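*Asks:* please find the sequence and the predicted model below.
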Amino acid sequence: MDQFLFFLVAFLAVASAVYFVFAKNPLYAILSLIVTMFSIAGMYILLNAQFLAIIQIIVYAGAIMVLFLYILMMLNLNKEDESKKNNTLKFIGVFTAGLLLIGILGVFRGVQDNHIVVENVDRGVGLTKNLGKLLFNEYVLPFELASILILAGIVGAVLIGKKDL
Amino acid sequence: MGEVNTFIQSVPLNYFIILSSVLFSLGVLGVLLRKNAIVILGCVELMLNSANLLLAAFSAYKGNSDGQLLVFFIMVVAAAEVAVGLAIIAMLYRNTRSVDVSIFNKLRG
């Protein structure tokens, strides 16, 4: 049952990611990327990482993807003006990505399944209570620095978006 | 703490490694193949998400919460990056009426 759920969600994620890469219309590509984000949120739920699942839905599927769609509709790219790459460059791209996939899988081949270690693992790892305690005790300085980073991002986006720079 | 998670015991960690490797390679393929700047930015998001999935999987399997907090911080940085990147793309569109990356060669040496 668990394996079936994993394969279902994984198939959904990979299929929508493939459609995202190869779709001609950028609007459908971004809509398909939203499906990928939701299936990754499903993966977090299966891993019992509830905090990450909620954050994934709110931040990625809710905020970032809506920002993508908003910009895409504002730019009005209705005509297909995406210029074609020649076939040699396409082949080189596919070959390089395939080589990278083989390389990554080769690197990770030595990782063992840890059925034995899982038995005595602390099971409250992904819960919000546990993560919140860790976040506001040990990681409170990076948390505050992240707020400064967000502020700098907002100011930079406003400054870049101004009419007369 | 919580109840026993049967999912972790019945699905090996290797499945997650393979899944996130495939997603990461698809992101790289999109960056190499596509010419629309918005889609390229989306491919970067796909790569970040696959790395996040692997971090969360290792964190859940090893029983250590630090990886999941790292995923949280990566999401914060990605949100800031998308805001600035989309502003840059909008500015490029206003100046050239296109988001095709093959015509942006102003920085070429």
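*Replies:* Cool, the structure landed.

*Asks:* where do the helices of chain B begin and end?
*Replies:* B:6-10, B:13-33, B:37-62, B:66-96 (DSSP state H).

*Asks:* got those as CSV, with distance to residue A:25, mean pLDDT and mean neighbour count columns?
*Replies:* Yep, even glycine has a C-beta here, placed from its N, CA and C like the rest. Listed next are the helices of chain B as CSV, based on distance: least, Cβ to Cβ, whole Å; pLDDT from 0 to 100; neighbours: other Cβ atoms under 10 Å in any protein chain shown:
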stretch, distance to residue A:25, mean pLDDT, mean neighbour count
helix B:6-10, 36, 76, 15
helix B:13-33, 15, 92, 21
helix B:37-62, 10, 92, 22
helix B:66-96, 17, 91, 18
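
*Asks:* now those in TSV, with distance to residue A:145?
*Replies:* Conversion of those to TSV gives the following (distance: least, Cβ to Cβ, whole Å):
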stretch	distance to residue A:145
helix B:6-10	32
helix B:13-33	27
helix B:37-62	19
helix B:66-96	9
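
*Asks:* okay if I get these as CSV plus distance to chain A?
*Replies:* Below are the helices of chain B laid out as CSV (distance: least, Cβ to the nearest Cβ, whole Å):
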stretch, distance to chain A
helix B:6-10, 4
helix B:13-33, 3
helix B:37-62, 4
helix B:66-96, 3
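
*Asks:* out of those helices, the one nearest residue A:35 is which?
*Replies:* Residue A:35 lies closest, by Cβ to Cβ, to one member of these: helix B:37-62, at 11.8 Å.

*Asks:* if we can go back for a sec, do you know which of the helices of chain B lies nearest residue A:24?
*Replies:* Proximity to residue A:24 (Cβ to Cβ) singles out helix B:37-62 among the helices of chain B, at 10.4 Å.

*Asks:* residue A:38: what's it in contact with?
*Replies:* Under the criterion of Cβ atoms under 8 Å, 6 or more residues apart in numbering or on different chains, the neighbours of residue A:38 are A:57, A:61.

*Asks:* what angle sits between whichever helix or strand it is part of and helix B:37-62?
*Replies:* Secondary structure here is read from DSSP states H and E; on that basis residue A:38 sits in helix A:26-46. Angular relation of helix A:26-46 and helix B:37-62 on a 0 to 180 degree scale: 10 degrees, by axes from the mean of the first three to the mean of the last three Cα atoms, to 10 degrees.

*Asks:* what residues sit buried inside helix A:26-46?
*Replies:* Of the residues in helix A:26-46, those scored as buried under the neighbour-count criterion (16 or more other Cβ atoms under 10 Å in any protein chain shown) are A:26, A:29-46.

*Asks:* check contacts around residue 47.
*Replies:* You didn't say which chain, so I picked chain A. Residues near residue A:47 by Cβ under 8 Å, 6+ apart: A:126, B:5, B:7-8, B:56-57, B:60.

*Asks:* I was after chain B.
*Replies:* Shown here is residue B:47, whose contacts under the criterion Cβ under 8 Å, 6+ apart are B:23-24, B:27-28.

*Asks:* distance to residue B:85 added to those, as JSON lines?
*Replies:* Supplementary listing: those in JSON lines, determined by distance: Cβ to Cβ, whole Å:
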{"residue": "B:23", "distance to residue B:85": "20"}
{"residue": "B:24", "distance to residue B:85": "19"}
{"residue": "B:27", "distance to residue B:85": "15"}
{"residue": "B:28", "distance to residue B:85": "18"}
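
*Asks:* for residue A:148, state which of the contacts of residue A:47 is nearest.
*Replies:* residue B:56 (25.4 Å).

*Asks:* skip the chain neighbours and tell me the closest residue to residue A:153.
*Replies:* For residue A:153, the nearest residue in space outside its immediate sequence neighbours is residue B:80; the separation is 3.4 Å by Cβ to Cβ, 6 or more residues apart in numbering or on different chains.

*Asks:* again, but for residue B:6
*Replies:* When the adjacent residues along the chain are set aside, residue B:6 lies closest to residue A:2, with 6.2 Å between them (Cβ to Cβ, 6+ apart).

*Asks:* show me the contacts for the one you found.
*Replies:* Contacts here follow Cβ under 8 Å, 6+ apart; on that basis residue A:2 touches A:46, B:6-7, B:10-11.

*Asks:* and with 6 Å instead?
*Replies:* B:7, B:10-11 (Cβ atoms under 6 Å, 6 or more residues apart in numbering or on different chains).
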